[in-house]
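1. return atomic coordinates for the entry below.
(one chain, ligands or ions: 1)
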Amino acid sequence: MMYNKARNKQTDGQHDRQRGRLITFEGIDGSGKTTQIAHLSDSLGTAGIHVITLREPGGTAISEAVRDILLDLKHTGMFQETELLLFAAARAQLVREVFLPSLAKGHWIICDRYYDSTMAYQGYGRGLDLQAIRAINALATDQCRPDMTLLLDLPAELAAERMSQRSTAADRIDQENRDFMRRVRTGYLAIAAEEPERIIRMDAGQAEEALAQQIHRQIWEGFGI
Ligand code: T5A
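-> This next block holds a predicted model:
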């Protein structure tokens, strides 16, 4: 499905940041977000559009410190509610310190994960109350919504296979079991069905270059580049 430019203009009025653009990438662990963000950032740069690339949790000194707490393998005793609120805390800082001022200056931002991750992981994955998460997300984000979200959709088995082939060590959430990641994927698909104008599902099982070209087409078409 191609991104609906006309529809998105209506939601732009939600915040005073008309000039910048916020693109987010979502998907289960190992779905290829980091890889595709690098391709997109390069191709936008070649087109003369400078982009800021960020990741969640992270992107500010405070948010990176919260990330360390969240992903530390030692923290096996973390309660689900603590986890939810820490993700929200990291996000609240990122939105106010980086997103809103940068978007107001007209910068483009690509962010690896945003509030849809919390709905998918803490909501559908952990089973925390979805309405409560929506309210917490609203507070954390100050209604700053992405202009477009690319959901890299991949079966949990394939993502796990890719992760097992790379050299970096697993973090606390990487270590969740396959059923957890299946529920997260189901959650993402449900979220995407609720907001088809914003969230574009991409087949992340295809080859890296082919997916990069599809994403390129979506962005160029969606933003009239
Ligand atoms: N989290 C996060 C929550 O629970 N709630 C929240 O609110 C938020 C914001 C973050 C963790 O926190 C959780 C989700 C996560 O578990 P992270 O380290 O940032 O942790 O983890 P991820 O975002 O999942 O990042 P990953 O690096 O693990 O996965 P990516 O970026 O999706 O995948 P990528 O690009 O690194 O690719 C994975 C491997 O596959 C290969 C790559 O070379 C790499 O080896 N690959 C491909 N192989 C074949 N074909 C392709 N098309 C490929 N594309 C990539």
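2. CA atoms for contacts and neighbours, from now on please.
-> Will do.
3. in a helix, Thr149, correct?
-> No: counting by DSSP: H, G, I helix; E, B strand; the rest coil, Thr149 is not part of a helix but strand.
4. sec struct for the residue of the chain most remote from its centre, please.
-> Most distant from the centre of the chain: Gly77, at 25.6 Å, with distances by CA atoms, centre = their mean. Look at Gly77: counting by three-state DSSP, its state is coil.
5. contacting residues around it?
-> Applying CA atoms under 8 Å, 6 or more residues apart in numbering to Gly77 gives no contacts.
6. and it, what's its pLDDT?
-> At Gly77, the model reports a pLDDT of 96.
7. repeat that for Leu22.
-> For Leu22, pLDDT reads 98.
8. residues near it, how many?
-> Neighbourhood size, Leu22 [other CA atoms under 10 Å]: 21.
9. which parts of this structure are helices?
-> 5-12, 33-46, 61-71, 80-94, 100-104, 115-118, 130-141, 156-165, 178-194, 208-223 (DSSP state H).
10. wait, Ser117 sits on Asp29?
-> No: look at Ser117 against Asp29 with CA atoms under 8 Å: they stay out of range, at 10.5 Å.
11. contact residues of the protein facing the ligand?
-> Contact residues, the chain versus the ligand (CA under 6 Å from any ligand atom): 28-35, 56-57, 87, 113-115, 117-118, 121-122, 162-163, 166, 173-174, 204-208.
12. which of those are buried, as a PyMOL select command?
-> Filtering the residues of the chain next to the ligand down to the buried ones (16 or more other CA atoms under 10 Å) takes a single PyMOL command:
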select buried, resi 28+29+30+31+32+33+56+57+87+113+114+115+117+118+121+122+163+173+174+204
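13. any idea how far Ile136 is from the closest residue to Leu73 other than its chain neighbours?
-> Spatially, and ignoring its direct neighbours in sequence, Leu73 is nearest to Arg172 (4.7 Å; CA to CA, 6 or more residues apart in numbering). From Arg172 over to Ile136 the distance is 23 Å, taken as CA to CA, to the nearest Å.
14. who has more neighbours out of the two?
-> The neighbour count for Arg172 versus Ile136, taken as other CA under 10 Å, is higher for Ile136 (18 against 14).
15. kindly state the pLDDT recorded for the more buried one?
-> So Ile136 comes in at 98 (pLDDT).
16. test my guess that it contacts Ala88.
-> Yes: shown here, Ile136 and Ala88 form a contact pair, counting by CA under 8 Å, at 6.9 Å.
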